[in-house]
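Trainee: whatever this is, show me its structure:
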Amino acid sequence: MLESEQQSRTVALRAEALDKVFQVSGSARVTRGLHAVNHVSLTVGAGSVLGVVGESGSGKSTLIRLIAHLIPMTGGDLWLREIPVPRRLTRSALIRYRRRVQMIFQDPFSALNPYYPIQYQLERPLKNFRLVSGKGEMRDAVAKSLEEVGLAPAADYLMKRPHELSGGQRQRVVIARALIAQPEVILADEPTSMLDVSIRMSVLNVLERLQQDLGLSYIFVTHDLASARYLADHLLVMYAGEGVEGGQTADVVDEAAHPYTRLLLSAVPEPTREVPIGKPAVAGEPPDLAQLPTGCFFHPRCPQAMARCREEHPLPRTVKNEHWVACHLYG
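Mentor: Numbering: from 1, shown residues only. Below you'll find the predicted structure:
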């Protein structure tokens, strides 16, 4: 087998140096560039989960919307199964890409049309992607997808509308709608953040079971590092639109290198933790993406900032194996 063929079997999706700059209007009709995603690269292994974590405003959702081709990218390259994906897709190519790369949105209520019953909303992907040949096959596929996400018997849910379901049930329907397209990669944009704490774990368990049973690949976006640690094989930590640390989940969590990662970890309840993880970061918010600070973007909040951090932007450095960090404290 050729090396490229072998790699296509092990890598589901790869992105290199993705950039997104929004042009926003300021005072006196001055247009500024808002750097929502800065030169972000990632790799999602076949049948694995990449967790993308960070605070609100770190660029996580914009990143996966670029990958989903919901918004155009300013720069960068994307591959699906090591086949290049053009930055601009024709309508037919976009339909084929969307079938292979499906998205689970954060708010299940707004992701579903309130007018139509659940059966109709699950049938639409089957018709749009021409995945079934008859009504009987379509009915069976809809019922199977509902039961796979724990909504059984399916007949109890087919004619209900979204407002008649609980938040957890609506999110399961959204998962079923993504699943029914038979995708290779699922982009999950904070799929549990709108749910009660009591049902978040059940939805995470559904996602984990489906990923293992069907061999799916996920990009799992969340601000909750505990959820990412539970589900993800690898982590990408984002701050101010760029990746600051990444690697296997165990390495990033157990040996966090970047002060920002340690800040996120300090917010995770850990009954067995005896001492804090490093020095706490100073109070503050992520920077204005239209007026990013010089040097390291995190230095205004970093308790270990040096003069170099204020002047020179850090480059990624390998800590060990796949574990890397963009921080002047290393190298």
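Trainee: which stretches in the protein count as strands?
Mentor: In the chain, the strands defined using DSSP state E lie at 11-25, 31-45, 49-53, 75-80, 83-85, 101-104, 185-189, 217-222, 234-239, 242-248, 317-320, 323-325.
Trainee: who does the fifth one touch, helix- and strand-wise?
Mentor: Helices and strands touching strand 83-85, as assessed by 3 or more CB pairs under 8 Å, 6 or more residues apart in numbering; DSSP states H and E, comprise strand 75-80. (Glycine included, C-beta is placed from N, CA and C.)
Trainee: so for the strand it packs on, what gets flagged as buried?
Mentor: By 16 or more other CB atoms under 10 Å, the buried positions in strand 75-80 come out as 76, 78, 79, 80.
Trainee: what packs against it?
Mentor: Using 3+ CB pairs under 8 Å, 6+ apart, strand 75-80 sits against strand 11-25, strand 83-85.
Trainee: and the shortest one, which strands flank it?
Mentor: Paired with strand 83-85 in the same sheet, following DSSP bridges, are strand 75-80 (antiparallel).
Trainee: where along the stretch 101-250 of the chain do the helices fall?
Mentor: With helices called from DSSP state H, counting those that start in this stretch, the stretch 101-250 of the chain shows them at 108-111, 118-128, 135-148, 167-179, 197-214, 225-231, 249-254.
Trainee: so which of those comes closest to residue 57?
Mentor: Of all the helices of the stretch 101-250 of the chain, helix 225-231 sits nearest to residue 57, with 16.2 Å by CB to CB.
Trainee: nearest residue to residue 318 other than its sequence neighbours?
Mentor: Nearest non-adjacent residue to residue 318, counting by CB to CB, 6 or more residues apart in numbering: residue 324, 5.2 Å away.
Trainee: list the contacts of the one you found.
Mentor: 245, 246, 247, 316, 317, 318 (CB atoms under 8 Å, 6 or more residues apart in numbering).
Trainee: which among the residues you listed end up buried?
Mentor: Buried among the contacts of residue 324 (16+ other CB under 10 Å): 245, 246, 247, 316.
Trainee: my read: the first one touches residue 326, true?
Mentor: Yes. Under the criterion of CB atoms under 8 Å, residue 245 lies in contact with residue 326, with a separation of 7.1 Å.
Trainee: quick check: neighbours shared by the two?
Mentor: Joint contacts of residue 245 and residue 326 (CB under 8 Å, 6+ apart) are residue 258.
Trainee: using a markdown table, lay out the contacts of residue 324 together with distance to residue 113.
Mentor: What follows is those, written out as a markdown table (distance: CB to CB, whole Å):
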| residue | distance to residue 113 |
| --- | --- |
| 245 | 39 |
| 246 | 37 |
| 247 | 40 |
| 316 | 43 |
| 317 | 48 |
| 318 | 47 |
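Trainee: quick one: residues contacting the residue sitting nearest the centre point of the chain.
Mentor: Nearest residue to the geometric centre of the chain (CA atoms, centre = their mean): residue 221, 3.2 Å. Contact analysis of residue 221 by CB under 8 Å, 6+ apart lists 51, 52, 53, 60, 61, 63, 64, 187, 188, 189, 190.
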